[in-house]
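Peer 1: mind looking at a prediction? Sequence and model below.
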Amino acid sequence: MADATPPIVDIRGLTKTFRAAGRQIRALDGVDLTLAPVETLGIVGESGSGKSTIGRILAGLETATGGEIRLAGQDLRGARGAAAKVQMIFQDPYASLNPRMPIGLQIHETLRGSGHRDRVANLARAAELLARVGLPPDALQRYAHEFSGGQRQRIAIARAMSTDPAVIVADEPVSALDVSIRGQILDLMRQMKGHTACLFISHDMAAVASLCDRILVLNRGRVVETGPTAQIISNPRDPYTRALLEAIPRIGRRRTGTGSTPMETLA
Amino acid sequence: MSDPLISLRDLWVRYGGPQGPAAVEAVSFDVRPGEILALVGESGSGKSSLSLAIMALLPGQAHVSGQILFEGADLAALDHRRMEDIRGARIGMIFQEPMTCLNPVLSIARQMTEGLIRHRGLTRAEARVRALAALADVGIPEPARVMGSYPHELSGGMRQRVMIAAALTLDPALLLADEPTTALDVTVQAQVLELLVDIRNRTGKAVLLITHDIGAVAEVADRVIVMKGGRIVEEGPWEQVIRAPRDPYTAALIGAHAALEAALVPEESHG
């Protein structure tokens, strides 16, 4: 990576504490992270790792407890405007799309939210984006329920791209999809690379490795390892990274029933 | 070859009446004792309807025809009461989300012993001993502590182990595992797959594993059935189906998985 280019996202010492049942839960515990312009960074971890919390804080959906976030050099704390430069793609596109509004109008609304008020121009932009993600021209007038899961995720990608965001935060965007569709959506995201920076958040090391330039492994709110994808895959240093890699089902390996020892007790 | 443990014969599941759209069409297969048979398919394949049909848990508007032959009875024609004797006791169930099967307000001890007291006539103390052994058997480190806890106090992986232990207490002949790893973290998924193989190896129970995950199938199944659009498109021993699929849809499923897996193969180190 060229160190000369300043990062589009620069996160230092990010912490987030939740209070649940009278206990303090540290979701993020001093996370450092940088994202270069047009770089795709994979954040991988299991439930409770804090991976989604990073994305939600960056998108302005949650506030940090401590630490520093700079987006394009601008301090994000208190700057609500900065969050407009960040768009999100969620796991369940059906939940993130409005069921009662045609797709074209939803993209118009997103554009309007970032200051583009010309409805005709917005709909033209929506049509262009929907074509780019491989949807038929009549998608503009149709409703979310008329599309398959994979098509809905294409719509969510088109909508996220519409405002030309500096960063797209994609939180488990392929996890709910059938494996055959998963590959298609990853292909589409690969085509989008180079247009914007992307934080790709997933528990799925295979999906992350197939798409991302760099990988950051998160466990219980801490970064356990980060590096270029090839390095993490071929030479993982942290035992947790190795466990994540080892756990992925592989065609050509057989389980013998001798490795069922749990690594955990009560949560 | 041993006699089949359960045989499905020309099974159809239709919704909204005998002429309604079919979710399962003319499906026939056997599960033999001691084997892990994987039934794999993507969304809309009919695998969930099939699983619910075996357990007689389909909603009221579903119409089932054909036979499900198990231990001398046709489950497709059995009345509600007799089916309740078989469900749990003879066919153990493991579902995707243990929280939907475990009662949130009852302790694990209560839930693990209830079936033993009702179906097997054990005393509470006897049932407790059996339940502790079952928890230890599925690799739960502190069974006594887990017995005293409630479902929400356990992690997802522990809840899944508890559900598997509960399914085993009644010593069923068949374990029906419907997407048992889908809701779990990947490291826990691997443990649960190991556990299913381990249980089969130690007890000789048959496992019908219903899943969308062709990778998991390749790792644990003895035989594989691939479903698409309600129909069986391919079946055979795992080596044949996984290594030399004849059906294009099976080949596409394996190809899609292999393409993702390829990203995990380290390139040759350049120093």
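Peer 2: Now that the structure is in, tell me what you want to look at. Numbers count the residues shown, from 1 in each chain, chains lettered A, B, ... in the order given.

Peer 1: drop to CA atoms for contacts and neighbour counts, all remaining ones
Peer 2: Noted.

Peer 1: show the average pLDDT along the helix or strand hosting B:Arg81.
Peer 2: Here B:Arg81 sits within helix B:80-86, counting by DSSP states H and E. Averaging the model's pLDDT scores along helix B:80-86 yields 90.

Peer 1: convert that helix to PDB, retaining C-alpha atoms only.
Peer 2: What follows is helix B:80-86 as a C-alpha-only set of coordinates in PDB (Å, rounded to 0.1, in the frame of the first residue of the first chain):
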ATOM      1  CA  HIS B  80     -51.300 -36.900  16.500                       C
ATOM      2  CA  ARG B  81     -51.100 -38.900  19.800                       C
ATOM      3  CA  ARG B  82     -49.000 -41.700  18.400                       C
ATOM      4  CA  MET B  83     -46.700 -39.300  16.600                       C
ATOM      5  CA  GLU B  84     -46.000 -37.600  19.900                       C
ATOM      6  CA  ASP B  85     -44.700 -40.900  21.200                       C
ATOM      7  CA  ILE B  86     -42.300 -41.200  18.300                       C
END
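
Peer 1: tell me the phi and psi of B:Ala38?
Peer 2: As for B:Ala38, its main-chain torsions (degrees, to the nearest 10) stand at phi -100, psi 130.

Peer 1: distance of it relative to A:Pro99?
Peer 2: 36 Å (C-alpha to C-alpha, to the nearest Å).

Peer 1: cool, A:Val86 as well?
Peer 2: A:Val86 sits 23 Å away from A:Pro99, going by C-alpha to C-alpha.

Peer 1: so the two - more neighbours on which side?
Peer 2: Set side by side, A:Val86 and A:Pro99 show unequal neighbour counts under other C-alpha atoms under 10 Å in any protein chain shown, the larger going to A:Val86 at 23 against 14.

Peer 1: so in terms of bridging, what pairs with the more buried one?
Peer 2: With DSSP bridges applied, A:Val86 shows beta-bridge pairing to A:Val167.

Peer 1: is it true that it touches A:Ile168?
Peer 2: Yes. Taking C-alpha atoms under 8 Å as the definition, A:Val86 is a contact partner of A:Ile168 at 5.7 Å.

Peer 1: would you map the helices across the stretch 151-267 of chain A?
Peer 2: Along the stretch 151-267 of chain A, the stretches classed as helices by DSSP state H, counting those that start in this stretch are A:179-192, A:205-211, A:229-234, A:239-247.

Peer 1: CSV for those, including mean neighbour count?
Peer 2: What follows is those, written out as CSV (neighbours: other C-alpha atoms under 10 Å in any protein chain shown):
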stretch, mean neighbour count
helix A:179-192, 17
helix A:205-211, 24
helix A:229-234, 20
helix A:239-247, 17
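
Peer 1: would you turn those helices into a markdown table with mean pLDDT and distance to chain B?
Peer 2: Compiled in a markdown table, the helices of the stretch 151-267 of chain A are given as follows (pLDDT from 0 to 100; distance: least, C-alpha to the nearest C-alpha, whole Å):
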| stretch | mean pLDDT | distance to chain B |
| --- | --- | --- |
| helix A:179-192 | 92 | 5 |
| helix A:205-211 | 94 | 5 |
| helix A:229-234 | 96 | 4 |
| helix A:239-247 | 92 | 5 |
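
Peer 1: residues touching B:Pro143, list them.
Peer 2: B:Leu132, B:Leu135, B:Ala136 (C-alpha atoms under 8 Å, 6 or more residues apart in numbering or on different chains).

Peer 1: and which of those residues is nearest to chain A?
Peer 2: B:Ala136 (11.0 Å; C-alpha to the nearest C-alpha).

Peer 1: tell me how far that closest one lies from B:Gln96.
Peer 2: The value you get for B:Ala136 to B:Gln96, if C-alpha to C-alpha is used, is 22 Å.

Peer 1: would you pull up the residue in the stretch 1-150 of chain A closest to chain B?
Peer 2: Proximity of the stretch 1-150 of chain A to chain B (C-alpha to the nearest C-alpha) peaks at A:Glu46, 5.8 Å away.

Peer 1: okay, now that residue: neighbour count?
Peer 2: For A:Glu46, using other C-alpha under 10 Å, the count is 20.

Peer 1: which strand or helix spans it?
Peer 2: Following DSSP H and E, one finds A:Glu46 outside all helices and strands.

Peer 1: export the helices of the stretch 151-267 of chain A to a markdown table and tack on distance to A:Cys198?
Peer 2: Output for the helices of the stretch 151-267 of chain A, formatted as a markdown table (distance: least, C-alpha to C-alpha, whole Å):
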| stretch | distance to A:Cys198 |
| --- | --- |
| helix A:179-192 | 9 |
| helix A:205-211 | 10 |
| helix A:229-234 | 15 |
| helix A:239-247 | 21 |
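
Peer 1: which of those helices sits closest to A:His108?
Peer 2: Comparing the helices of the stretch 151-267 of chain A against A:His108 with C-alpha to C-alpha, the closest turns out to be helix A:179-192 (20.3 Å).

Peer 1: work out the gap between whatever helix or strand comes next after the helix holding B:Arg81 and the centre of the chain.
Peer 2: Next helix or strand after helix B:80-86 toward the C-terminus (DSSP H and E): strand B:91-94. Put simply, strand B:91-94 sits 7 Å off its chain's centre (C-alpha atoms, centre = their mean, to the nearest Å).
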